[in-house]
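take this sequence and fold it.
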Amino acid sequence: MTRNRMIFNAFQMNTVSHTYHGLWRNPKTTQVHFDTLDTWVDLAKTLERGKYDALFLADVVGIDPAYEGKWNAYIEEGLHMPCHDPAALCAALIGATDNLGLTFTSSILTEHPFSFARKMSTMDHLSKGRIGWNIVTSATHSAAQNFGFDKIVEHDERYRWADEYMKVVYKLWEGSWDDGAVLADREAGVYADADKIHRIYHQGERYKVLGPHMASPSPQRTPVMYQAGSSKVGREFASRHAEATFVVYPTIEGARKGIAEQRKETVTAGRNAGDLKFIQGFSFVVGSTEEEAWRKSAEIDEDISYRGLAAHIGRDMGIDVSGLDPDMPIEQTSMSGVQGYARMFEDSNNGQKAKVSDLVGALSYASRMVGTPEQIADQLEQWQDAGVDGINQIIQYFPQSAEDFVDYVIPVLQERGLAQKEYGSGTLRERMFPEIGPQLPDRHAAAKYRGAFVRDAEVSGTGGTHVDWVTAGV
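You can find the predicted model right below:
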């Protein structure tokens, strides 16, 4: 059987403790030095040696008192606190890498779309088209309060907000500059054709943007877009906008069903089923024998902080599990929001009742793959057969876990055709979608803004009249 190669991302965060909390205390990991560039350059070079597609950086922009009613656990555990700017780190890594995609999370809360669009175009230029964006809406009150709100905006309203945000950046990236606008004609003394650069006259519920885009079109124009929403409106948003979606299905059959359903939604949105890639979160423990792999997995468990895991899962699910007995069955608790997880756990474990500790360990165990390189390759083939297009590798010991995968698993995957042996040419989008090219296809929602703006009649530099704003926009 001839297999398509999978996409490989490394999943990290510009912080002390990302997902496997407590491991930063072990001397074998360097993530305690997350605030030095050398730490990240070392990881990036390992990833390029393994021909990974991208480094993907998560982010949070607030800290909630979600464990024991305080924020102490997050600070003491280094659990996403401190958390440094992922965009700044990606920008710093552009010059230290040649082929690795650099993708980071940015919330609609954190930056006005005009300045964000210019930053992304700048980074895409400097990296020769290797930038990606994970679109998030943020979900915590502290994040909202850090940006001037009294509390977080209601869930579905955040996605309506995100839709307008996307309209603004699409107009800037795709519509403000026509193809061929940049002339760089030294003899004529003309750098760009003014008739091919346009204001966008956006006026919506939240944003009013005149334009034009202050950056010239970058190699990708619009960066590769990722999204991880699992709610109904989140999935619909991904079907309209995203090119890859991050998923953590607990079982292969669950992946098969969920991916098939979302591919149908993508087609309903006017796109091809293959326009949306599914990137499954996994961590890997590799051994030369199965016994060695499980021994190494047990060593990880000895280093893990239960308190850190509990604080993380509790914050994400909006519950405080600090006062609950780890051995208590979930069905005996008053945590109404996690009964779905309990049923999912039972379905995957022959009816075994889920305990509080099972919920706490979900981030660590549900995505952990343990075995020899060949066994891991066998399992990845099964996930690919279920529709998974790629892997988002959670790194436990930094960077040793990545080195183990690159040195021992990647060669086996390359021989089976599951991993690329060399980087393809072109941008991040071209490597992920060779059939599409460097820019978004015409069937994507962003494409309707191409050629949508005419040379504005306003030449006085006054900024346009009220009528211009109301009637000239798209």
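
nearest residue to residue 418 other than its sequence neighbours?
Leaving out its chain neighbours, the residue that sits closest to residue 418 by CB to CB, 6 or more residues apart in numbering is residue 6, at 5.2 Å. Where you see a C-beta, it was placed from the backbone N, CA and C, and this is true even at glycine.

and the one you found, how far from residue 226?
Using CB to CB, to the nearest Å, we find residue 6 at a distance of 16 Å from residue 226.

neighbour count: those two, which is higher?
The residue with more neighbours, out of residue 6 and residue 226, is residue 226; 26 against 22, by other CB atoms under 10 Å.

so residue 29 sits against residue 18, correct?
No: here residue 29 does not reach residue 18: they are 10.9 Å apart, not a contact under CB atoms under 8 Å.

comparing those two, which residue is more hemmed in?
residue 18 (26 against 20).

and the residue nearest to that one when sequence neighbours are not counted, bridged to which residues?
Spatial nearest neighbour of residue 18, excluding adjacent residues (CB to CB, 6+ apart): residue 12 at 5.9 Å. For residue 12, the beta-bridge assignment (DSSP bridges) gives partners residue 57.

list the residues that contact residue 12.
18, 43, 55, 56, 57, 58, 395, 398 (CB atoms under 8 Å, 6 or more residues apart in numbering).

returning to what we had before: how far away is the residue nearest to residue 418 from residue 421?
When CB to CB is applied, the distance between residue 6 and residue 421 equals 13 Å.

ok, residue 293 next?
25 Å.

and for residue 51?
Residue 51 sits 7 Å away from residue 421, taking CB to CB as the criterion.

comparing those two, which residue is more hemmed in?
residue 51 (20 against 12).

excluding its backbone neighbours, what's nearest the more buried one?
Counting by CB to CB, 6+ apart, the nearest residue to residue 51 once its immediate chain neighbours are dropped is residue 420, at 5.0 Å.

what secondary structure does the one you found sit in?
Secondary structure assignment for residue 420 (DSSP: H, G, I helix; E, B strand; the rest coil): coil.

surely it touches residue 410?
No: counting by CB under 8 Å, residue 420 stays clear of residue 410, with 9.5 Å between them.

neighbour-wise, which of these two wins?
Per other CB under 10 Å, whichever of residue 420 and residue 410 has more neighbours is residue 410, with 22 against 19.

now that one: which helix or strand?
Assigned by DSSP states H and E, residue 410 belongs to helix 410-415.

for that helix, buried residues please.
When burial is assessed from 16 or more other CB atoms under 10 Å, helix 410-415 yields the following buried residues: 410, 412, 413, 414.

mind saving the C-alpha coords of it as CSV?
What follows is helix 410-415, C-alpha atoms only, in CSV (Å, rounded to 0.1, in the frame of the first residue of the first chain):
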residue,chain,number,x,y,z
ILE,A,410,11.3,9.2,11.9
PRO,A,411,13.7,6.8,10.0
VAL,A,412,11.1,4.0,10.2
LEU,A,413,8.3,6.4,9.2
GLN,A,414,10.4,7.6,6.2
GLU,A,415,10.9,4.1,5.0
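
give me the helices and strands touching the helix or strand that that helix is followed by, please.
Where DSSP H and E defines the elements, the next helix or strand beyond helix 410-415 is helix 428-432. On a contact count with 3 or more CB pairs under 8 Å, 6 or more residues apart in numbering; DSSP states H and E, helix 428-432 meets strand 101-107, strand 224-227.

average pLDDT for helix 428-432?
If you average the pLDDT over helix 428-432, you get 97.

can you list contacts of that helix?
7, 53-54, 101, 103, 129-132, 220, 223-224, 243-244, 277, 423-424, 436-440.

hmm, try it at 6 Å
Contacting residues not belonging to helix 428-432 are listed as 101, 130, 220, 224, 424, 438 [CB atoms under 6 Å, 6 or more residues apart in numbering].

can I have the buried ones of these as a ChimeraX selection?
Of the contacts of helix 428-432, the buried ones go into a single ChimeraX selection, burial set by 16+ other CB under 10 Å:
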select :101,130,220,224
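
just put the contacts of helix 428-432 in JSON lines and tack on pLDDT and distance to residue 351.
Listed next are these as JSON lines, based on pLDDT from 0 to 100; distance: CB to CB, whole Å:
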{"residue": "101", "pLDDT": "98", "distance to residue 351": "42"}
{"residue": "130", "pLDDT": "98", "distance to residue 351": "47"}
{"residue": "220", "pLDDT": "98", "distance to residue 351": "48"}
{"residue": "224", "pLDDT": "98", "distance to residue 351": "42"}
{"residue": "424", "pLDDT": "94", "distance to residue 351": "46"}
{"residue": "438", "pLDDT": "97", "distance to residue 351": "50"}
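
distance check, the nearest residue in space to residue 151 that is not next to it in sequence against residue 80.
Taking CB to CB, 6+ apart, and ignoring the residues beside it in sequence, residue 151 has residue 141 as its nearest neighbour in space, at 5.0 Å. Per CB to CB, residue 141 is found 15 Å from residue 80.

again, but for residue 113
From residue 113 over to residue 80 (counting by CB to CB), the distance is 25 Å.

for residue 31, same thing?
Distance, residue 31 to residue 80, by CB to CB: 12 Å.

repeat that for residue 301.
Distance of residue 301 to residue 80, given as CB to CB: 21 Å.

then residue 244?
Applying CB to CB, one obtains 23 Å for the distance of residue 244 from residue 80.

these two: which has the busier surroundings?
Here residue 244 and residue 80 are set side by side on neighbour count (other CB under 10 Å), and the busier one is residue 244, at 29 against 25.

name the nearest residue to that one, sequence neighbours excluded.
Of all residues beyond its chain neighbours, the one nearest residue 244 is residue 277 (4.2 Å), with distances taken as CB to CB, 6+ apart.
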